[in-house]
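Novice: just a sequence and a predicted model for now, questions to come.
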Amino acid sequence: MSFSASVSELVEKSQSGLLGKAPYWERIPLGEIAKILNGYPWKSTFFNGQQGVPVVRIRDVTSGATETLYSGPVEEGFWIEDGDLLVGMDGDFNSRIWMAGRALLNQRVCRIAPDENVYLKAFLAIVLPGYLKLINSETHSTTVKHLSSKTLCEIPLPFPSLPEQRRIVAKVESLSAKSRRASDHLDHIPRLVEKYKQAILAAAFRGELTREWRDVHPDANAQISREDLLARTKTPKKPRAIAAPTAEQRRGMWSIPKSWRWRQVGEVGFVTKLAGFEYTKYVQYDPDGDLRVLKAENAGPNGFRPTAYSRVRSETVEQLERSRLSGGELLVVFVGAGTGNVAVVPPSDAFFLGPNVGMVRPTSEITARFMELFFRYHQGRQLLLATSKAVAQPSLSMGAIRSTPIAVSSLAEQSEIINRIETAFAWIDRLLYEAASARKLCNRLNEAVLAKAFRGELVPQDHNDELGSDL
């Protein structure tokens, strides 16, 4: 649907600083200072990615580049060049100074060419977005919003003198460059955060994070023999055989402190899942059920994720006692896109193990949180995924999970490692939060600069300037 209101009336009523003007400026309709060229309806059958000339489509106004080539006959008069001001006439009504080379202008994109003897293109480029945003917000549609050339021509632009336009453009561009540099640095922080966290996990599970702690607490470093560990491990009545680590897993194991031991998940935890036949026979979802069902979606890349849980009744799944979860177990996604994701089940007596996610119930020799952090370390995750199968989608068998190597320290050192990791992660997360807040501030600062410019307060006035209307 197209816009049908009066642009001038909407601008007059608006409180947006992006639509303001200095008291001594006049306004002028865009159509009086610029020519609009609408794009041509090139036949899409000639669009391709291998040969021909570039063509700018509406999506390219947002990205600033095009990957579409046109190999058909060319109607002259619809070329654009670097430096041209483009507006997308559908959707969000975006605008951009095009800088991606000579190209054909496609339909639903227009070029606005102001008479730069009276109105600078660079000034129009910083003024126009606020008005396009207003028009977009007032264009009501159940499908795609449309912008007409007629509406564009009616936009009442602020009309300062040409010298003042130049001063405003120079100041805005200078401040925007500084803001962009700050924003670029801030945009790098989320990527750096994951690297920082992986560096912390690497130091933790190689024993470097607690090296001095071990020196101060030698009694906590008593070595646990494999036999003692297995003797104290609670296992099912018929213990399952655990396959030896694969050659790939052995190559992936790293040097650990002498007081630590490489174990396998099946040695330090009971591993199980909800079998397919059990799901079919016993599991019936009931919105009034007392047990919340945990699924693969509850184990995210950063731990446990609450969701709108499916539910079951205790009495319908009483035959599946091993799938009742009380908190402190480790979830392991064993099939699908999230294969290898792990999460500790929060304390509760009302969870039930659902499909596509396995469970490790740790023994007294290890904590679920230690295991979770170990497998969030990228090399620990690689050990877990080393035996994954990828046919239609990745998957892990329970046997593969049981046989996965894991580095185990004393419980006291595990507690210290967890505490140090969580302290470091909390500091890193605060940094990320502050960076996100600063990034939002940059966006608000840019708008504040423009609002100040359009009030006539950003640059000094020169009483020798001619009024825009005198040009």
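Specialist: Sure thing, it's come through. Residues are numbered from 1 along each chain as shown.
Novice: for the stretch 51-200 of the chain, which spans come out with low pLDDT?
Specialist: By pLDDT under 70, the low-scoring segments of the stretch 51-200 of the chain are 142.
Novice: all helices of it, in order?
Specialist: Applying DSSP state H, counting those that start in this stretch to the stretch 51-200 of the chain gives helices spanning 58-63, 121-137, 149-154, 162-205.
Novice: who are the packing partners of the first one?
Specialist: It refers to helix 58-63. Secondary-structure packing of helix 58-63 (3 or more Cβ pairs under 8 Å, 6 or more residues apart in numbering; DSSP states H and E): strand 85-88, strand 95-97, strand 109-114. Placement of C-beta: from N, CA and C, glycine included.
Novice: out of the helices of the stretch 51-200 of the chain, deepest packed?
Specialist: helix 121-137 (a mean of 20; mean count of other Cβ atoms under 10 Å).
Novice: which elements pack onto that one?
Specialist: Judged by 3+ Cβ pairs under 8 Å, 6+ apart, helix 121-137 is in contact with helix 7-13, strand 85-88, strand 95-97, strand 109-114, strand 156-159, helix 162-205, helix 411-454.
Novice: for Val293, which of those is the nearest?
Specialist: helix 411-454 (27.9 Å; Cβ to Cβ).
Novice: and the closest one, what does it pack onto?
Specialist: helix 121-137, helix 162-205, helix 211-216, helix 368-376.
Novice: Throw those into TSV and include distance to Asp84, thanks.
Specialist: Shown next, in TSV, are the helices and strands packed on helix 411-454 (distance: least, Cβ to Cβ, whole Å):
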stretch	distance to Asp84
helix 121-137	8
helix 162-205	17
helix 211-216	62
helix 368-376	49
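Novice: for those, which one sits closest to Ala308?
Specialist: helix 368-376 (23.1 Å).
Novice: show me which residues of the closest one are buried.
Specialist: Ala368, Arg369, Phe370, Met371, Glu372, Leu373, Phe374, Phe375, Arg376 (16 or more other Cβ atoms under 10 Å).
Novice: and the following helix or strand past that helix, C-alpha only, in CSV?
Specialist: As assigned by DSSP states H and E, the chain's next helix or strand after helix 368-376 is helix 378-385. Taking C-alpha atoms only, helix 378-385 is exported to CSV below (Å, rounded to 0.1, in the frame of the first residue of the first chain):
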residue,chain,number,x,y,z
HIS,A,378,36.6,-26.2,22.1
GLN,A,379,39.1,-29.0,22.5
GLY,A,380,36.9,-30.8,24.9
ARG,A,381,34.0,-30.5,22.5
GLN,A,382,36.2,-31.9,19.7
LEU,A,383,36.9,-34.9,21.9
LEU,A,384,33.1,-35.4,22.3
LEU,A,385,32.4,-34.9,18.6
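Novice: what residues sit buried inside helix 378-385?
Specialist: Neighbour-count burial for helix 378-385 [16+ other Cβ under 10 Å]: Gln379, Gly380, Arg381, Leu383, Leu384, Leu385.
Novice: how about these in a markdown table, adding pLDDT?
Specialist: As requested, the buried residues of helix 378-385 are exported to a markdown table (pLDDT from 0 to 100):
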| residue | pLDDT |
| --- | --- |
| Gln379 | 97 |
| Gly380 | 96 |
| Arg381 | 97 |
| Leu383 | 97 |
| Leu384 | 96 |
| Leu385 | 95 |
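Novice: turn those residues into TSV, including distance to Phe352.
Specialist: Shown next, in TSV, are these (distance: Cβ to Cβ, whole Å):
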residue	distance to Phe352
Gln379	32
Gly380	27
Arg381	26
Leu383	29
Leu384	24
Leu385	26
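Novice: and of those, the nearest to Lys145?
Specialist: Once Cβ to Cβ is applied, the member of the buried residues of helix 378-385 that ends up nearest Lys145 is Arg381, at 44.5 Å.
Novice: which residues touch the closest one?
Specialist: By Cβ atoms under 8 Å, 6 or more residues apart in numbering, Arg381 lies in contact with Gly340, Phe375.
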